[in-house]
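# sequence first, then the predicted structure:
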Amino acid sequence: MKKKLVLMRHGETVFNQRKRIQGWVDSPLPPLGIQQAKHAAAWIDRLDFDIDHAFCSTSERASDTLELVTSLPYERKKGLKEWNFGKLDGEPEYLNPPLEEYDAFFQANGGEGRQELIDRMNETLTEIMNRSDVQNALAVSHGGAIRNFQKHWFPDDKALIPGKLYNCAVLVFEYDTDAQSFTLLDVCNPNYQGAAASSMTS
């Protein structure tokens, strides 16, 4: 059976604007983040299928975004949380190492390894999509979590995602229940209303 997963990044937050690393710490959506979510909601409304279930991480920025996108009841899932950056959570973004050093750097500072993040995202989203009552799901998560999940299933992503995932980027996957696999079908990744590109650590 084929199902659809609409995986979305939350709206821009106060910490995004202040260039703070935002993994398991949280901050609210300012007016721009709210506006981004409304733009994304309009794009999702034009999809050629109906969403029947909604999910988000346990971070408030994700649930606040989801509530702006859909009126469906929703379930909060810890497995959809952002990468845990350990001691770096809440610190200035200039302390981030180069991307290729993220894994060892954050593990050394009390955070998660990249594979830990991928495994929990994959386990959580697979469990959701395997539910018998779920056909088309919407899930709101975070930049680093989504990007690593997406690269796991679709590493050659330059055509659909040539650069960063902006706030409120939306990725549409097809899920094959027999193969237990995800295929990336479409991406909506505009820089809404001139929003500054924030780093993956959000």
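On my side now, so go ahead. What you see is a predicted model; the values in this text were computed from it and never measured.
# what stretches of this protein score poorly on pLDDT?
Applying pLDDT under 70 to the chain flags the ranges 192-202.
# can you give me the strands in it?
2-9, 53-56, 74-76, 136-141, 170-176, 181-188 (DSSP state E).
# deepest of these, which one?
Of all these, strand 136-141 carries the top mean neighbour count, a mean of 25, counting by mean count of other Cβ atoms under 10 Å. (Glycine included, C-beta is placed from N, CA and C.)
# tell me how far that strand lies from the chain's centre.
9 Å (Cα atoms, centre = their mean, to the nearest Å).
# next one: P97 from Q107, what distance?
Look at P97 and Q107: by Cβ to Cβ, to the nearest Å, they are 12 Å apart.
# and for L165?
23 Å.
# how about D52?
38 Å.
# N167 too?
Remark: distance between N167 and Q107 (Cβ to Cβ) = 26 Å.
# between the two, which one's more packed in?
It is N167, of N167 and Q107, that has more neighbours when counted by other Cβ atoms under 10 Å, with 29 against 15.
# dihedrals phi and psi, the more buried one?
phi -60, psi 140 (degrees, to the nearest 10).
# returning to that earlier point: in JSON lines: the strands of the chain, plus distance to N84.
Listed next are these as JSON lines, based on distance: least, Cβ to Cβ, whole Å:
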{"stretch": "strand 2-9", "distance to N84": "17"}
{"stretch": "strand 53-56", "distance to N84": "17"}
{"stretch": "strand 74-76", "distance to N84": "17"}
{"stretch": "strand 136-141", "distance to N84": "13"}
{"stretch": "strand 170-176", "distance to N84": "22"}
{"stretch": "strand 181-188", "distance to N84": "23"}
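# out of those strands, nearest to W43?
strand 181-188 (4.9 Å; Cβ to Cβ).
# on contacts alone, who are the packing partners of the closest one?
Strand 181-188 makes packing contacts with helix 143-153, strand 170-176 when contacts are defined by 3 or more Cβ pairs under 8 Å, 6 or more residues apart in numbering; DSSP states H and E.
# can you say which of these is nearest to K19?
When the helices and strands packed on strand 181-188 are compared (using Cβ to Cβ), the closest one is helix 143-153, at 13.7 Å.
# now that closest one: buried residues?
For helix 143-153, the buried set under the neighbour-count rule, 16 or more other Cβ atoms under 10 Å, comprises G143, G144, A145, I146, R147, N148, F149, Q150, H152, W153.
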